[in-house]
Structures are given as structure tokens and as C-alpha cells.
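# just need the structure, nothing else, for what follows:
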Amino acid sequence: MAPADDSDHPSELAGPDLDLDPPPPEVRELAEALRQYVLSALEVELDYGPETLPVLDHYLRQARDNVRERPELADLLTQGVGAYFGEVVRIHYAAFWRMPTRDPKDWQLCFEDVFLAFSPVGVAWDALHESAEHEGPSSELVLDREDREAVERRLADLPPVSEEEYFLLSTRAEILEIVEDQLRLELSRAKLDSVEYGPADYEVVGRPIGQA
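Alright, predicted model coming up:
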């Protein structure tokens with residue numbers, strides 16, 4: 001499927017940033033293909049809004065039987081889901097794609113206002129299998145060592161959820177929001193509110209702290 005033009009990727013969802021750059025062509029192609037799969041299967045058109053993530057969770061539940069029968073479908077499905085999920089996050093935060101290779105399993109979404117990165121395809125593998133035990137990439141968060149303890153405390157204070165709920169894309173998006181908020185708080189306490197992170201800052205990634 002050919003990449004869509006800019007009109008198919010609504011920058012108006014980006015909140016105050018109306019000049020949001022388009023995603024890399026490889027990401028857009030995968031995300032737009034995923035939108036077509038979901039439209040065909042559920043007759044629902046995804047629009048890159050966070051409220052569409054429960055729809056995508058439902059789509060993945062329906063897709064699990066097909067993947068069990070044809071495991072080779074897992075790569076294609078998780079690439080599309082990962083690209084779409086990553087774009088939902090990127091549109092709503094200051095973030096960019098880091099693509100060190102052509103393999104989507106190696107791609108990361110990196111935040112600009114805080115030091116935080118993760119593999120959207122890894123999150124998709126987790127959601128598909130309802131587990132972190134699979135052949136895909138890890139969904140672990142990458143963040144600064146100095147922030148790890150504060151983030152772990154914040155996550156530990158969250159109400160417990162079932163394993164099934166934990167691996168939902170919608171839950172992962174909520175956790176990312178909480179982690180990003182905590183990292184902003186840590187920067188504010190250090191009087192570093194205006195700091196920005198770019199591609200060079202993520203070349204040497206920090207140690208992951210746990211599931212996204």
C-alpha cells in the first residue's frame with residue numbers, strides 16, 4: 001500500500017502543535033495499512049486519536065486466532081500496530097522516531113521534553129500475546145538512571161490491574177502519560193524545565209526499567 005498524503009495524517013490531533021512534522025514514510029505506510037485492515041475488519045476508521053486504542057485492542061483480540069494458526073502473520077501485524085500506536089503517542093507529545101535500521105523491531109519513539117524512549121513494535125507484540133514473553137522486541141522503557149527510582153515509586157502507587165488489562169494498548173498509553181508527567185516533575189525540581197532531547201541524546205540508550 002502506498003503512503004498516504006499529509007491529509008490522511010491529521011496534525012490537528014497534535015493539540016497545540018499545529019505544525020507537526022509528518023512521520024517517516026516507512027512508519028506512515030505501516031500505520032495507514034493497519035488503518036485499512038481495521039476498517040475492513042470492524043468497519044471503524046481509526047483517526048490517530050487515543051480514544052481509538054480500545055478499538056485496536058479489540059482488533060488484536062480478534063486477530064489472535066489467526067496468528068496462532070499462521071504465526072508468520074505476527075511480524076506484519078505488530079509492525080502495523082506498532083507504527084499506529086507510536087503515531088498516536090507522537091501526535092500527542094513532543095516525540096520523534098529513531099530508526100537505526102530498516103527493521104521496525106529496532107525502531108524507537110523518543111520524547112523531546114523528557115528522556116524517555118520505547119519500542120512501539122515491542123508494545124504491539126506484548127498486546128498481541130498478552131505477555132512480554134515472545135519473539136518480538138522488548139517494550140521496556142528507556143530513561144535516565146537518575147529518574148528510575150522516582151518513576152518506579154510513581155508506578156508502584158498505581159491501582160493493581162489484571163495481566164490482560166496491563167498489556168492493553170490503551171493501558172500502555174495511560175502508563176506513558178503517567179511516566180512522562182513524573183519525568184517532567186523531576187526536571188522541574190532540578191530547574192531544567194527548558195531542556196530538550198534530540199537524536200544524539202538517544203544514541204547511547206539508558207538502562208530499561210521495566211515494562212512500558
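
# quick check: closest non-adjacent residue to Val114.
Closest residue to Val114 apart from its sequence neighbours, by CB to CB, 6 or more residues apart in numbering: Leu183 at 3.7 Å. C-betas here are computed from N, CA, C, even on glycine.

# for that neighbour, list the residues it contacts.
Residues near Leu183 by CB atoms under 8 Å, 6 or more residues apart in numbering: Phe111, Val114, Phe115, Leu116, Leu143, Asp147, Val151.

# cutoff 6 Å now
Taking CB atoms under 6 Å, 6 or more residues apart in numbering as the criterion, Leu183 is in contact with Val114, Leu116, Asp147.

# redo those as JSON lines? Include pLDDT and secondary structure.
What follows is those, written out as JSON lines (pLDDT from 0 to 100; DSSP: H, G, I helix; E, B strand; the rest coil):
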{"residue": "Val114", "pLDDT": "96", "secondary structure": "coil"}
{"residue": "Leu116", "pLDDT": "97", "secondary structure": "strand"}
{"residue": "Asp147", "pLDDT": "94", "secondary structure": "helix"}
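
# may I see the buried residues of stretch 182-189?
Within stretch 182-189, the residues that qualify as buried are Gln182, Leu183, Glu186, Leu187, counting by 16 or more other CB atoms under 10 Å.

# dump those residues to CSV, plus secondary structure, distance to Met99 and pLDDT.
Below are the buried residues of stretch 182-189 laid out as CSV (DSSP: H, G, I helix; E, B strand; the rest coil; distance: CB to CB, whole Å; pLDDT from 0 to 100):
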residue, secondary structure, distance to Met99, pLDDT
Gln182, helix, 27, 97
Leu183, helix, 23, 97
Glu186, helix, 28, 95
Leu187, helix, 26, 95
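
# any idea how far the residue nearest to Val114 lies from Glu26?
Remark: distance between Leu183 and Glu26 (CB to CB, to the nearest Å) = 28 Å.

# again with Val161
33 Å.

# Arg184 now?
For Arg184 relative to Glu26 (CB to CB), the value is 30 Å.

# may I see the buried residues of stretch 125-137?
Neighbour-count burial for stretch 125-137 [16+ other CB under 10 Å]: Trp125, Asp126, Ala127, Leu128, His129, Glu130, Ala132, His134, Gly136, Pro137.

# now it: average pLDDT?
Averaging pLDDT along stretch 125-137 gives 94.

# off-centre distance for that stretch?
14 Å (CA atoms, centre = their mean, to the nearest Å).

# now tell me what touches that stretch from outside.
Leu60, Thr78, Lys105, Ser119, Val121, Gly122, Ser139, Glu164, Phe167, Leu169, Gln211.

# okay, these in a markdown table with neighbour count next?
Formatted as a markdown table, those follow (neighbours: other CB atoms under 10 Å):
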| residue | neighbour count |
| --- | --- |
| Leu60 | 22 |
| Thr78 | 31 |
| Lys105 | 17 |
| Ser119 | 27 |
| Val121 | 28 |
| Gly122 | 23 |
| Ser139 | 24 |
| Glu164 | 11 |
| Phe167 | 24 |
| Leu169 | 27 |
| Gln211 | 18 |
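
# export the residues you listed to a markdown table and tack on distance to Pro71 and secondary structure?
Listed next are these as a markdown table, based on distance: CB to CB, whole Å; DSSP: H, G, I helix; E, B strand; the rest coil:
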| residue | distance to Pro71 | secondary structure |
| --- | --- | --- |
| Leu60 | 15 | helix |
| Thr78 | 12 | helix |
| Lys105 | 16 | helix |
| Ser119 | 20 | coil |
| Val121 | 16 | helix |
| Gly122 | 17 | helix |
| Ser139 | 19 | coil |
| Glu164 | 21 | helix |
| Phe167 | 18 | coil |
| Leu169 | 21 | helix |
| Gln211 | 23 | strand |
